[in-house]
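**Student:** Sharing a model prediction with you, sequence too.
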Amino acid sequence: MSQRILILGGGFGGLFTALSLSGRQDVTLVSDEDHFLFKPMLYEYLSGEVEAWHIAPDYKELLDEGTRFIRGKVTGINLDASEVTLENRSEPISYDVLLIALGAATNYAGVEGAEQFTLPFRTLNDANRLRRRMTEALDRVPPASAPQDTRGKLTFAVVGGGASGVELATKMADLLRDAVKRRALHGEPRVLVIEMADRLVPGMGQEIRRYVEDALEATRVEVHTETSVVKVTASGITLDHQNAHTEIETAAVVWVAGVRVNPLIEQLAIEKDRRGLIIVQPTLQVRGHENVFALGDIAFYQDVVPTLSGTAQLAFQQSSLLARNVKAFVEGRELKSKHFVELGEAVSLGTERAAVLSAGKVIGGPLARQARFAMYTSRLPTWHHRLRVGASWFFEGTEPRPLQPLGF
Ligand SMILES: Cc1cc2nc3c(=O)[nH]c(=O)nc-3n(C[C@H](O)[C@H](O)[C@H](O)COP(=O)(O)OP(=O)(O)OC[C@H]3O[C@@H](n4cnc5c(N)ncnc54)[C@H](O)[C@@H]3O)c2cc1C
């Protein structure tokens, strides 16, 4: 009798595993959205350089006919009963083999007002909301506004100075500056990056960091290191630098300061590390539950360099090992382990440039921007989708979409 394989989460780990298992008739993928999201290009979606269909194709387009897709929010996982409950279904789903790939959630670290007043940046909707906030802020600047008033009304803070914070801040700065110019406003926007550590992108190599620093300077992003956020309100942010507090009025604060494990994992009585990640064996099996596997942002896999953990690169590589091991498990064969490697680094740095580290070489500037598009075309799911998107980027271009006045 065929075993029922249930995959929770349709991100890099879950979707790519489902695709590698295609051809089987016993696979079900459950996810709370109807589309996959290629998160590394969410910045380009914000700026309009790419469209939703490029980076967020529907599962129905990607999965083969044998794979069943259920859209629903998982509300409970019962490992003893081998059942999963969904918000929109009265009956639980039973499984023989469970693959957990539910990803991470935004970590607000208990900062007052952060969850209530900041914008997260993890989904298409988050990007839509941020774009709208930028446009609304621009629409509130009168044409004859003095430069300091323009700057005040167009102040945005990005909390978190990792790659995400840098990519987002440089993109926002370029978009806002372009809109200020198009609308012939006086003055400049102000985009701040707030980071607790003494420098931005701490895990990045020296050579690629040079391009990051140049881009921050060119886009005039204001960098505040050794600074923590004390409080966020509807209209501003309070910062602490060396015990001195500063209040800054903001049009929006975006929170990319860290992630925590998906809350559903917190409820599971299984072995976890101090961050709450599921400790998986080298085969990706959950200890004590040989028919349960976990991968991606929720799993701690020992044989991995720290810079690779919590990345799409890792979840993507794990998906092929997982698909192989699930087939082996079902067929009673021996399961394997794998050493995962860094596939290179590619950071977007505003709307005109990027920096790419590949095979030990770093390139920067507009050429790197093109290289990043090419590199990511090859990482999109399915050949069919890659071809359609590649053709669209090649023939229709990847120009940013300006922040037009609302109702334009
Ligand atoms: C803006 C951004 C940019 C990034 N850029 C890069 C990059 O350049 N390079 C890189 O390597 N990594 C990058 N990452 C990190 C990378 O996206 C993650 O490490 C990767 O997505 C992890 O894969 P995953 O399968 O574990 O989780 P995800 O890809 O997050 O997938 C989790 C899936 O589970 C679904 N889900 C969650 N909760 C539920 C629920 N309760 N019920 C049903 N479904 C649920 C989600 O909708 C999603 O489909 C970026 C992340 C973000 C947010």
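**Tutor:** Everything's here; your move.
**Student:** For the closest residue to the ligand within the stretch 1-150 of the chain, list the residues it contacts.
**Tutor:** For the stretch 1-150 of the chain and the ligand, the shortest gap (CB to the nearest ligand atom) falls at Gly11, measuring 1.8 Å. Heads up, the C-betas are built off the backbone N, CA and C, glycines and all. By CB atoms under 8 Å, 6 or more residues apart in numbering, Gly11 lies in contact with Ser31, Phe36, Leu37, Lys39, Ala101, Gly103, Gly296, Ala315.
**Student:** Need the per-residue pLDDT for the third one.
**Tutor:** pLDDT, Leu37: 98.
**Student:** do the first one as well
**Tutor:** Turning to Ser31, the model gives it a pLDDT of 98.
**Student:** Met172 and the ligand, how far apart?
**Tutor:** 13 Å (CB to the nearest ligand atom, to the nearest Å).
**Student:** ok now do that residue, which residues does it touch?
**Tutor:** Going by CB under 8 Å, 6+ apart, Met172 touches Leu46, Leu130, Met134, Phe156, Val158, Val191, Val254.
**Student:** and this protein, what are its domains?
**Tutor:** 5-32+72-106+260-340, 114-258 (automatic domain parsing).
**Student:** Could you export those domains to a markdown table, including columns for distance to Gly390?
**Tutor:** Formatted as a markdown table, the domains of the chain follow (distance: least, CB to CB, whole Å):
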| stretch | distance to Gly390 |
| --- | --- |
| domain 5-32+72-106+260-340 | 18 |
| domain 114-258 | 21 |
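**Student:** ok, how many other residues are close to Arg132?
**Tutor:** 13 (other CB atoms under 10 Å).
**Student:** The helix or strand hosting it and the ligand in contact?
**Tutor:** Arg132 belongs to helix 124-139 when elements are defined using DSSP states H and E. No - judged by CB under 6 Å from any ligand atom, helix 124-139 stays clear of the ligand, getting no closer than 8.4 Å.
**Student:** Give me the neighbour count for the nearest residue to Ile278 once chain neighbours are set aside.
**Tutor:** Leaving aside its chain neighbours, Ile278 sits nearest to Ala294 (4.5 Å; criterion: CB to CB, 6 or more residues apart in numbering). Neighbours of Ala294 under the rule other CB under 10 Å: 29.
**Student:** and what of the one 5 residues further on?
**Tutor:** One way to gauge burial is a neighbour count; for Ala299, by other CB under 10 Å, it gives 27.
**Student:** Help me confirm that it comes into contact with Arg275.
**Tutor:** No - using CB atoms under 8 Å, Ala299 makes no contact with Arg275, being 11.1 Å away.
**Student:** For the protein, what lies in contact range of the ligand?
**Tutor:** Going by CB under 6 Å from any ligand atom, the residues of the chain near the ligand are 9-14, 30-33, 39-40, 42, 73-74, 101-103, 121-122, 164, 262, 264, 296-297, 310-313, 315.
**Student:** which regions of the protein sit below the pLDDT cut-off?
**Tutor:** 1, 408 (pLDDT under 70).
**Student:** can you give me the helices in the stretch 51-200 of the chain?
**Tutor:** Remark: helices assigned in the stretch 51-200 of the chain by DSSP state H, counting those that start in this stretch are 52-55, 59-62, 114-117, 124-139, 147-153, 163-182.
**Student:** buried sites along the first one?
**Tutor:** This points to helix 52-55. His54, Ile55 (16 or more other CB atoms under 10 Å).
**Student:** Kindly export it (C-alpha atoms) in CSV.
**Tutor:** Taking C-alpha atoms only, helix 52-55 is exported to CSV below (Å, rounded to 0.1, in the frame of the first residue of the first chain):
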residue,chain,number,x,y,z
ALA,A,52,4.3,39.1,-8.8
TRP,A,53,4.0,36.3,-11.4
HIS,A,54,7.8,36.2,-11.8
ILE,A,55,8.6,35.5,-8.2
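**Student:** and His245, that's in a helix?
**Tutor:** No - the assignment for His245, made by DSSP: H, G, I helix; E, B strand; the rest coil, is strand rather than a helix.
**Student:** What residues does it make contact with?
**Tutor:** Val230, Thr238, Leu239.
**Student:** so what's it bridging to?
**Tutor:** Asp240 (DSSP bridges).
**Student:** Just the buried ones from the residues of the chain next to the ligand?
**Tutor:** If we count by 16+ other CB under 10 Å, these have these buried: 9-14, 30-31, 33, 39-40, 42, 74, 101-103, 121-122, 164, 262, 264, 296-297, 310-313, 315.
**Student:** quick one: which of those sit in strands?
**Tutor:** Residues of those located in strands (DSSP state E): Val30, Ser31, Val74.
**Student:** gap between the last one and Gln25?
**Tutor:** Taking CB to CB, to the nearest Å as the criterion, Val74 is separated from Gln25 by 23 Å.
**Student:** Same question for Thr106.
**Tutor:** From Thr106 to Gln25 the distance is 37 Å (CB to CB).
**Student:** Which one of the two is surrounded by more residues?
**Tutor:** Thr106 (20 against 9).
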